[in-house]
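> Please work out how this folds:
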Amino acid sequence: MALPSNSSDTRPIRNRHWLLVVACVSAAVTCFYFYEFSLRSRLSTPTIDLSGVHPDVAQGIRSAVQVIDRRPESGLAWGHFGMTLWAHEYVKEALVCFAQAEQLSPDEIRWPYFQGIILSNRDRKAAAKAFSTAASCDPNQPLPLIKLCEILLETDQLEAAGEILNRLFERTSDNAQVYLLAAYLADRQGHLERAIENARRSLAIAPDHARVISLLARLLNRDQQHAEAAVLNARLRNQPALENSWPDPLSAEVSSFRLDPYWNAYQAKQLIEHGDHRHGLKLLQTLVKQFPDEPTIRAQLARTLLNRGMTRQAMVCLLEATDHSHFELRLLRATAHLLLEEWEEAEEIYLDLVNLKPDSPSLLSELAFCQRQQGRFHEAIGPAQQAVTLAPEQVSYRVELIRILIQLKRIQQARNELRVVEKLNPADDEILRLRHEIDDVSSS
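Now for the predicted structure:
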């Protein structure tokens, strides 16, 4: 006999199953939102004062904050935010971001490494710990161990520094920086011969590095090898553009986060002043492409090109300017026209500039020069005399006046001005030439 169906008994069981599922889902959703709220409140972005900063910088920082707000769990987002802040010298705030990035991405070498760099001049113990952490992230990257070794040497922990150097030599045999540290260590331990040997190995790999040359020269002098030391010291004196720092591919990435064009322009200036014209010029050209409406950067590029004798390229750069009223750009254009012997074009610009600055002796003298080159001596005499009146001790202005006086055959006035030049600068090479010119005109 068939058993009677009891469907009413199964209904409570199904209901209990559904209640359990709903409860689990609700708990999961609640946990998720609690986690999100907890994460966002725990990983709050540092407060950044953006007053007075470049608009591009302010916008870049705001954009980085927005990325963090969308992805607070992303170590990369926090790291990029930290690099943006560090690049713009918000150092304390960057340190907070790198610490957060390290917590979220513990296997990424950059975040503890950047903390170590920042802390090196503030808290060496904390910096050493950060570099040690970074070294464990990537055993094939020697930079964290090199930085750690430097701290150990600076704090007289010579035995620990030796252990780090042994680890470095196990990984690399052609690193000039490692050999230099080994030379420092050997010297501190009183092993002069070993120090010289390591310094020589460093120099063989990095022959133009000032720190290597300087250390080897000092060691050789102490070892009575004065002749070789003198040669090395002469290199230091005669080649001021020698390298004085080591490449750091990890930290180099930070500069790419710099959004202020003037900082990069300053970097270009530093490169040029230290003799690295090629890279300085390339950086300026890149900046002009990125910021075509920044007249000061364009002026810096044009000035650099003119100083390098690249007058045509400078003129192209100046003609592409969007701000044709910018004083320095106009002045540089006039200079380029002078160098290209385009006297009329240069004169036109100088006339406008003199109207803007009628008391500028340099502009007046350049205007007189343009007019003299076109044979208009009677017009040139006026601005030339004004320049001398405004700056009576400036020899070059007086020389320009003498040349115009010679062309006008005002011999006595030219002689009088030449006597003043002789008193101001008796060693000026122009004096003898001008005297001969005056005598030639006088005798004719």
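
> Give me the distance between the nearest residue to residue 411 once chain neighbours are set aside and residue 165.
Nearest residue to residue 411, sequence neighbours excluded (C-beta to C-beta, 6 or more residues apart in numbering): residue 442, at 5.1 Å. Using the backbone N, CA and C atoms, a C-beta is placed for each residue, glycine as well. Taking C-beta to C-beta, to the nearest Å as the measure, residue 442 falls 78 Å from residue 165.

> neighbour count winner among these two?
residue 165 (23 against 13; other C-beta atoms under 10 Å).

> Excluding chain neighbours, give the residue nearest to the more buried one in space.
residue 182 (5.5 Å).

> How far away from the center of its chain is the helix or strand containing the one you found?
Here residue 182 sits within helix 176-188, counting by DSSP states H and E. Here helix 176-188 is found 28 Å from its chain centre; the criterion is C-alpha atoms, centre = their mean, to the nearest Å.

> Same question for the helix or strand just after it: list its buried residues.
Of the helices and strands lying after helix 176-188 in sequence (DSSP H and E), the nearest is helix 192-205. Within helix 192-205, the residues scored as buried using 16 or more other C-beta atoms under 10 Å are 195-199, 201-203, 205.

> ok, of those residues, which one's closest to residue 389?
Relative to residue 389, the closest of those is residue 203; by C-beta to C-beta it sits at 58.2 Å.

> Buried ones in the host helix or strand of residue 352, by neighbour count?
Assigned by DSSP H and E, residue 352 belongs to helix 343-356. Buried residues in helix 343-356, defined by neighbour count with 16+ other C-beta under 10 Å: 343, 346-347, 349-350, 353-354.

> quick check: mean pLDDT across stretch 232-242?
Across stretch 232-242, the average pLDDT comes to 78.

> which helices and strands does the host helix or strand of residue 134 pack with?
Taking DSSP H and E as the criterion, residue 134 maps to helix 124-137. On a contact count with 3 or more C-beta pairs under 8 Å, 6 or more residues apart in numbering; DSSP states H and E, helix 124-137 meets helix 110-119, helix 143-154.

> Can you tell me which helices and strands the first one packs against?
Applying 3+ C-beta pairs under 8 Å, 6+ apart, one finds that helix 110-119 makes contact with helix 75-87, helix 91-104, helix 124-137, helix 143-154, helix 249-255.

> OK, contacts around the closest residue to residue 201 other than its chain neighbours?
Spatial nearest neighbour of residue 201, chain neighbours left out: residue 179 (4.5 Å); criterion: C-beta to C-beta, 6+ apart. By C-beta atoms under 8 Å, 6 or more residues apart in numbering, the contact list for residue 179 reads 198-199, 201-202, 205.

> swap the cut-off to 10 Å and go again
The contact partners of residue 179, taken as C-beta atoms under 10 Å, 6 or more residues apart in numbering, are 165, 168-169, 172-173, 197-206, 212.

> For the closest residue to residue 357 other than its chain neighbours, pull up the helix or strand it's in.
Leaving out its chain neighbours, the residue that sits closest to residue 357 by C-beta to C-beta, 6+ apart is residue 363, at 6.0 Å. Assigned by DSSP H and E, residue 363 falls within helix 361-373.

> Flag every buried residue along that helix.
361-372.

> From residue 364, how far off is residue 86?
48 Å.

> re earlier: for the buried residues of helix 343-356, give me TSV that also has distance to residue 224 and pLDDT.
Shown next, in TSV, are those (distance: C-beta to C-beta, whole Å; pLDDT from 0 to 100):
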residue	distance to residue 224	pLDDT
343	64	96
346	61	96
347	66	96
349	63	96
350	63	97
353	63	96
354	65	96
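
> ok, now which ones touch residue 168?
Neighbouring residues of residue 168 by C-beta under 10 Å, 6+ apart: 135, 142, 145-146, 148-149, 175, 177-179, 181-182.
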